[in-house]
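1. From the sequence below, what's the structure:
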Amino acid sequence: LVTPKEQEKKISLEGILHLVRLAEHEGVVENYENRMVRGVFRFNDINVGAIMTHRTDLFMTDQERPIVELLPEVVRQGYSRIPVYRDGPEHVVGVLLTRDIMADLASGKQGTLAKDLMVEPVFVFENRRVNELFFQLKKEKLNLAVVMDEYGGLAGVVTLEDIVEELFGELYDENEIKGFEKITKLKENCYRVTGDTSLHQMED
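-> Numbers count the residues shown, from 1 in each chain. From the prediction side, this is the model:
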């Protein structure tokens with residue numbers, strides 16, 4: 001006889017995921033539900049570095065830049081939050097919100113610089129767990145964190161949207177041009193995989 005306690009020990013994460021895959025095969029669970037379940041279980045194991053936007057892809061600005069000069073570029077880029085640096089892009093000192101730029105210009109002020117409007121950023125290291133950052137951003141009512149590498153240099157930024165996309169897949173707003181999905185099936189046993197696809201996505 002197997003006691004309930006012994007049965008409980010035999011339940012594993014892989015076993016649960018196998019049941020979900022089986023349920024999808026039988027039509028009980030949709031494909032997107034299967035992906036979301038995997039995303040939820042994987043949530044505790046993903047590092048911030050795996051989902052951040054790398055520093056080479058960031059739109060940033062110097063703290064001394066006048067916002068009236070910055071606005072056209074901000075509108076063209078379509079970002080709502082811009083990292084602000086001092087003495088070079090490696091030294092991020094704040095985050096500038098597009099809504100604050102708009103409000104300041106609408107008030108008729110003159111000569112406002114990026115540093116006058118920026119807010120203090122949250123700094124995290126690349127190895128920080130995504131689930132921990134998610135609850136930190138929620139608690140502090142923030143939407144962006146600056147990611148540092150092991151030497152204290154700028155690695156990139158991560159947003160709440162990046163975290164949510166781990167559960168729901170890629171999200172696009174009105175300003176974004178939809179790109180290729182990370183993994184696209186072209187034909188039987190043939191896939192197109194983007195170079196920034198994470199290992200856990202490949203495993204799935």
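2. Do a quick rundown of the strands in this protein.
-> Per DSSP state E, the chain carries strands over the ranges 53-54, 61-62, 81-85, 92-97, 123-125, 144-148, 154-159, 183-187, 190-193.
3. Same list, those strands, but as a markdown table with distance to Lys138, mean pLDDT and mean neighbour count please.
-> For the C-beta atoms, the positions are set from N, CA and C on the backbone; glycine is no exception. Supplementary listing: the strands of the chain in a markdown table, determined by distance: least, CB to CB, whole Å; pLDDT from 0 to 100; neighbours: other CB atoms under 10 Å:
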| stretch | distance to Lys138 | mean pLDDT | mean neighbour count |
| --- | --- | --- | --- |
| strand 53-54 | 20 | 88 | 14 |
| strand 61-62 | 27 | 93 | 18 |
| strand 81-85 | 16 | 91 | 21 |
| strand 92-97 | 17 | 91 | 20 |
| strand 123-125 | 14 | 92 | 16 |
| strand 144-148 | 12 | 91 | 23 |
| strand 154-159 | 13 | 90 | 22 |
| strand 183-187 | 29 | 83 | 10 |
| strand 190-193 | 32 | 87 | 11 |
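4. Figure out which of the ones you listed is closest to Glu30.
-> strand 183-187 (17.1 Å; CB to CB).
5. Test my guess that Thr184 contacts Arg192.
-> Yes - with contacts counted by CB atoms under 8 Å, Thr184 reaches Arg192, the gap being 4.6 Å.
6. that older thread, just tell me which of the strands of the chain ends up closest to Asn34.
-> Short answer: strand 183-187, nearest of these by CB to CB, at 14.5 Å.
7. which neighbours does that closest one have in its sheet, and in what orientation?
-> The pairing partners recorded for strand 183-187 under DSSP bridges are strand 190-193 (antiparallel).
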